[in-house]
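1. build the 3D model from these lines:
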Amino acid sequence: MDWKALAPHKPLSGGDPLHVPRPLGDGRRLASLMKAGLGPFAIAGPVGSGKSTEIATAALELTGDFFAVDIALDQFMNMRQLSAANLLWALGSILFGAITQSRNLELELPEHVRSLLTGEEPEAHEAPGPYSDAFLAAVREMKRKSSTLRIATLLDGLEKCPEEQARIAVRTILSLKDEVELAFVVPPSLVIGPENIDLLTELRVFPIRPVPVLEEGGSRWKEGRQFLADIFSRRMGKDVDPQALAPLLETAAISSGGLPRTFLQLMRDAGGYAAVANRELPTREDLDNAMRDQADSLRRLLRDGDMRAMQEADGSDGLEIAIDRRIRLLTHGLLLENEVDGKIIVRMHPLLRAWNQ
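-> Just a heads-up that it's a prediction; the model follows:
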């Protein structure tokens, strides 16, 4: 049995046959807000919450009303060496290539603009001005050629930049907001805390939180657990009858804290332990081993005072935790933020809570 098919780290496009719509409809909701022109949007959430998949879903939902481009920057650029110039070059060249191929538009652009859009990636030290001008010239020409054309650019990968480079990248992207609708993933450090007021006044934060899986986490926990079970069923296909593993899927959903990647990793590892023991299906002992492995991985991310801070904040809005610590805990999914009956509360990751007991 191929447990690798669960592919915890593989984001899916909205049109992928393996895709399962999220119960809270985050990607569809983002698309609706972008259609209404309420952006730009900074998308934030913990590792493994499904940000990439929801961006892809939003891009698909925008099709028809927009020419939407979903760009995973980290798949073809070194995010640690990202500069304003090569970011603008990437946006311009990808958009130019996509629209000329799919819409078959003959854009009347000056030769120097065309060469910038189709040429080699600039060096990090190069000035961004010419690449910004080229991007804007291409967008305006696209709109001139097709008066009904609206363009949306959705970017993934900026959360993998060092913070200062991510800040420069966001500033660069925001300079384009008058011409295109924008949504982009950012590290939480750029949208939490009063020092980010300059950015927060220019964009709207769109959180991708864990799906609800705990009964005390609001009224939609059954939907959240079913969503995760459906992901498992869709990826494993006919190889496994989900009813045969229903108790394990329920336990893995609760233990994941509602993070799809963690849920899939738990079930994949449980399947791996079963394979080692020459069993076709995992047992609760196999899942317990997988949970211990995941808890140990999370525990290695902890620093002095983290457990105490999370225990004291558990069930509150978490604002009493110092900002630097709160950002780090939320980013790594050690502390999970949920919306419960219209209020934001934080809880320690269930695997850490169980490990600490």
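2. how many neighbouring residues does V113 have?
-> 21 (other Cβ atoms under 10 Å). All C-beta atoms are positioned from the backbone trio N, CA, C, and that covers glycine.
3. which other helices and strands contact the helix or strand where it lies?
-> Take DSSP states H and E as the rule and V113 turns out to sit in helix 111-118. For helix 111-118, the packing partners by 3 or more Cβ pairs under 8 Å, 6 or more residues apart in numbering; DSSP states H and E come out as helix 84-102, helix 129-145.
4. could you check how far A124 is from L249?
-> According to Cβ to Cβ, to the nearest Å, A124 and L249 sit 46 Å apart.
5. for these two, indicate the residue with more neighbours.
-> Counting neighbours by other Cβ under 10 Å for A124 and for L249 shows that L249 has the greater number, 25 against 13.
6. is that one in contact with Q226, as I believe?
-> No - in this structure, L249 is not within contact of Q226 by Cβ atoms under 8 Å, at 9.5 Å.
7. would you turn the helices and strands packed on helix 111-118 into JSON lines with distance to A166?
-> Output for these, formatted as JSON lines (distance: least, Cβ to Cβ, whole Å):
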{"stretch": "helix 84-102", "distance to A166": "11"}
{"stretch": "helix 129-145", "distance to A166": "18"}
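8. end-to-end on stretch 297-307?
-> Terminal residues of stretch 297-307 lie 15 Å apart, using Cα to Cα, to the nearest Å.
9. and that stretch, how far from the chain's centre?
-> 23 Å (Cα atoms, centre = their mean, to the nearest Å).
10. return the set of buried residues in that stretch.
-> Residues of stretch 297-307 classed as buried by neighbour count (16 or more other Cβ atoms under 10 Å): L298, D306, M307.
11. what does that stretch rub up against?
-> Identification of contacts with stretch 297-307 by Cβ atoms under 8 Å, 6 or more residues apart in numbering yields R325, R328, L329, H332, G333, L334, H349, L351, L352, W355, N356.
12. stretch 232-250 too?
-> Stretch 232-250 is contacted by residues 1-2, 5-7, 17-20, 225, 228-229, 263-264, 267, 270, 281-284, 287 when judged by Cβ under 8 Å, 6+ apart.
13. quick check on those residues: which are buried?
-> 5-6, 19-20, 225, 228-229, 263-264, 267, 270, 282, 287.
14. just the closest of the residues you listed to T100, please.
-> H19 (28.1 Å; Cβ to Cβ).
15. OK, contacts around the residue nearest to that closest one when sequence neighbours are not counted?
-> Of all residues beyond its chain neighbours, the one nearest H19 is L12 (4.5 Å), with distances taken as Cβ to Cβ, 6 or more residues apart in numbering. Taking Cβ under 8 Å, 6+ apart as the contact definition, L12 lies against L18, H19, T53, A56.
16. what's the helix or strand for I173?
-> Element membership for I173 (DSSP H and E) is helix 163-174.
17. buried set for that helix?
-> Residues of helix 163-174 classed as buried: Q165, A166, R167, I168, A169, V170, T172, I173, L174 (neighbour count, 16+ other Cβ under 10 Å).
18. quick check: next helix or strand after that helix?
-> Downstream of helix 163-174, the first helix or strand assigned by DSSP H and E is strand 181-185.
19. mean confidence for the helix or strand that that next one is followed by?
-> Per DSSP H and E, the first helix or strand lying C-terminal to strand 181-185 is helix 197-200. The average pLDDT within helix 197-200 is 93.
20. centroid-nearest residue for this protein?
-> By Cα atoms, centre = their mean, the chain has its centre lying nearest to K51, at 1.8 Å.
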